[in-house]
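Colleague: only geometry, no sequence info:
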């Protein structure tokens, strides 16, 4: 709930993650939240940049087309204040506010979200594609798409994803990290592009990149459905494939309950 | 024809034009041809960077997926010299050699070409798309696609395109610049993406960007098929729309006669 005198705004945001150290604000590092908060503070003449809460805290280099966030701003802002226009004038095209409006009663960008949808792009070709290079992981080895699809199928459902997460600092090593994956699968885009789409109620840290790293290893012939399931059961990253690089990942959208 | 002691190579090249002042080599400016020639000279241990001849001399900031070029290299290069690998190791992913092989008898990348195929991307949405920003022109005004399609139809055929070209220095102002456009049309891509594909035996300088500038003006309601045809007939750029920006344009492919 916003504090007295504040009103909550709901934002729909897209960004090119290349130039940022992730979404979450950090002192003395360029972050999406930092850039947004500064742009809002500057245009709304606030004394301090307001905290910004998002649905999916994307890592350094990860992109978004449909990030959702909320920010609490003074209820007495001038009626003429156009947050979307004010921010886009300062930050577009690296960061773009696609929509901004007063949030509904009880809305919290993080806690109200019921699902997050990510897409990971792979260019599977002998040589990279210069125009897709900022947005897709180039994998030169021929990939076995059928094996990758079978392994992706094994991820759907409720599992302990400890073996595919960067553990939050201070958490016990044998604590399960259970997430419900509602869909996960590969599709073929134009030319040599492979798309991995995955949806879950929520994700743990580096989960999508860890899963894509493991799936591409399967596609290279270094594993199969059984090794994927074994890693899920083992709950350890020992022997796991490297996480896929961040620049292929994009937060596509976030789901909320119908109002 | 290559000079005695030289052998002609045929190259298929892709590049992100953002960092280059166009394809053609220029002293003291980063160009695609300059980067390629330096990379070849370095890896093949040539005394001088070899001249590179291309099918479509793209302007500063214009991209290519399917540029074709030739370069004449010493016939006695070591058999182990792998031009594609050697160049890609140095220049990828900004510039990528997709294929390199000895050219067929009489091949000339520029003069043997029978058609060039360009694509221009427009994002037509109220706000820009951060992930497409390097590759597409963002037009916020709603565009009338039907009017743009009708105007594009009027371009097909053999016309004097003086009114849509940057005139080569030294050419007479009343000299016609006739080109044969074999196809030109808009299609709708995913989301808010509009694609303009145009093919011609050859293009004059800034022709595609001038045409897209004029077509988008039509889409904004500032003109129609009749004004498009009038500008073709008038043969002058006076009163013409600004050329579309270079970063939306890509040389997709080049056609040659079957061997």
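Modeller: Yep, it's here. Values in this document were obtained by computation on a predicted structure and should not be read as measured data.
Colleague: And the helices in the stretch 101-250 of chain A?
Modeller: Secondary structure of the stretch 101-250 of chain A (DSSP state H, counting those that start in this stretch): helices located at A:145-153, A:207-219, A:225-234.
Colleague: In space, what's closest to residue A:7 - neighbours in sequence excluded?
Modeller: Leaving aside its chain neighbours, residue A:7 sits nearest to residue A:75 (4.2 Å; criterion: CB to CB, 6 or more residues apart in numbering or on different chains). (Glycine included, C-beta is placed from N, CA and C.)
Colleague: still on that earlier bit, from the helices of the stretch 101-250 of chain A, which stretch is densest packed?
Modeller: Among the helices of the stretch 101-250 of chain A, helix A:207-219 has the highest mean neighbour count (mean count of other CB atoms under 10 Å in any protein chain shown), at a mean of 25.
Colleague: For it, enumerate the helices and strands it packs against.
Modeller: In terms of contacts (3 or more CB pairs under 8 Å, 6 or more residues apart in numbering or on different chains; DSSP states H and E), helix A:207-219 is packed against strand A:115-124, strand A:137-139, helix A:145-153, strand A:178-188, strand A:193-200, helix A:225-234, strand A:249-255.
Colleague: at 6 Å instead, please
Modeller: Helix A:207-219 sits against helix A:145-153, with contacts defined as 3 or more CB pairs under 6 Å, 6 or more residues apart in numbering or on different chains; DSSP states H and E.
Colleague: which helices and strands sit right next to the helix it packs on?
Modeller: Under the contact criterion of 3+ CB pairs under 6 Å, 6+ apart, helix A:145-153 touches strand A:178-188, helix A:207-219, helix A:225-234.
Colleague: Please repeat the previous calculation with a cut-off of 8 Å.
Modeller: Using 3+ CB pairs under 8 Å, 6+ apart, helix A:145-153 is in contact with strand A:178-188, strand A:193-200, helix A:207-219, helix A:225-234.
Colleague: ok so, going back, same list (the helices of the stretch 101-250 of chain A) but as a markdown table, adding distance to residue B:159.
Modeller: Shown next, in a markdown table, are the helices of the stretch 101-250 of chain A (distance: least, CB to CB, whole Å):
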| stretch | distance to residue B:159 |
| --- | --- |
| helix A:145-153 | 46 |
| helix A:207-219 | 50 |
| helix A:225-234 | 59 |
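Colleague: Include mean pLDDT when you put those helices into TSV, please.
Modeller: What follows is the helices of the stretch 101-250 of chain A, written out as TSV (pLDDT from 0 to 100):
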stretch	mean pLDDT
helix A:145-153	95
helix A:207-219	96
helix A:225-234	89
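Colleague: how about the ones you listed, which one is nearest residue A:101?
Modeller: Closest approach to residue A:101 among the helices of the stretch 101-250 of chain A (CB to CB): helix A:207-219, 28.6 Å.
Colleague: Residues of the stretch 151-259 of chain A that sit close to chain B?
Modeller: Applying CB under 8 Å from any CB of the partner chain, we find that the stretch 151-259 of chain A lies next to chain B at residue A:250.
Colleague: From residue B:127, how far out is the closest residue to chain B within the stretch 151-259 of chain A?
Modeller: Using CB to the nearest CB, the closest approach of the stretch 151-259 of chain A to chain B is made by residue A:250 at 7.2 Å. Going from residue A:250 to residue B:127 by CB to CB, to the nearest Å gives 17 Å.
Colleague: Which one of these two is surrounded by more residues?
Modeller: Set residue A:250 next to residue B:127 and count neighbours by other CB atoms under 10 Å in any protein chain shown: residue A:250 wins out with 25 against 20.
Colleague: list the contacts for the more buried one?
Modeller: Contact partners of residue A:250, counting by CB atoms under 8 Å, 6 or more residues apart in numbering or on different chains, are A:62-65, A:118-121, A:135, B:131.
Colleague: Find the nearest non-adjacent residue to it, please.
Modeller: Residue nearest to residue A:250 in three dimensions, not counting chain neighbours: residue A:63, with 4.3 Å by CB to CB, 6+ apart.
Colleague: any idea how far residue A:46 is from residue A:138?
Modeller: 43 Å.
Colleague: still on that earlier bit, next, count neighbours for the residue nearest to residue A:7.
Modeller: Residues near residue A:75, counting by other CB under 10 Å, number 12.
Colleague: Residue A:14 now?
Modeller: By the criterion of other CB under 10 Å, residue A:14 has 25 neighbours.
Colleague: ok, it to residue A:7 distance?
Modeller: Here the criterion is CB to CB. By it, residue A:14 lies 24 Å from residue A:7.
Colleague: Same check on residue A:191?
Modeller: From residue A:191 across to residue A:7, the span is 47 Å (CB to CB).
Colleague: Could I get the contacting residues of the nearest residue to residue A:237 once chain neighbours are set aside?
Modeller: What sits nearest to residue A:237 in space, not counting adjacent residues and going by CB to CB, 6+ apart, is residue A:163, at 5.9 Å. With contact set as CB under 8 Å, 6+ apart, residue A:163 has these partners: A:231-232, A:234-237, A:240.
Colleague: And for residue A:256?
Modeller: A:68, A:107, A:112-114.
Colleague: helix/strand/coil for the closest residue to residue A:25 other than its chain neighbours?
Modeller: For residue A:25, ignoring the flanking residues on the chain, the nearest one in space by CB to CB, 6+ apart is residue A:33 at 4.2 Å. Using DSSP: H, G, I helix; E, B strand; the rest coil, the structure places residue A:33 in helix.
Colleague: Settle this for me: residue A:33 is touching residue A:21, isn't it.
Modeller: No - using CB atoms under 8 Å, residue A:33 makes no contact with residue A:21, being 10.4 Å away.
Colleague: So residue A:138 and residue A:46 - more neighbours on which side?
Modeller: The residue with more neighbours, out of residue A:138 and residue A:46, is residue A:138; 21 against 15, by other CB under 10 Å.
Colleague: Which residue, other than its chain neighbours, is closest to the more buried one?
Modeller: Residue A:138's closest residue in space is residue A:128 (CB to CB, 6+ apart), at 4.1 Å.
Colleague: ok, now residue A:206?
Modeller: Counting by CB to CB, 6+ apart, residue A:166 is the residue found nearest to residue A:206 once chain neighbours are left out, at 4.3 Å.
Colleague: Would you indicate which residues of stretch A:163-178 are buried?
Modeller: Within stretch A:163-178, the residues scored as buried using 16 or more other CB atoms under 10 Å in any protein chain shown are A:163-165, A:177.
Colleague: Fine, thanks again, bye for now.
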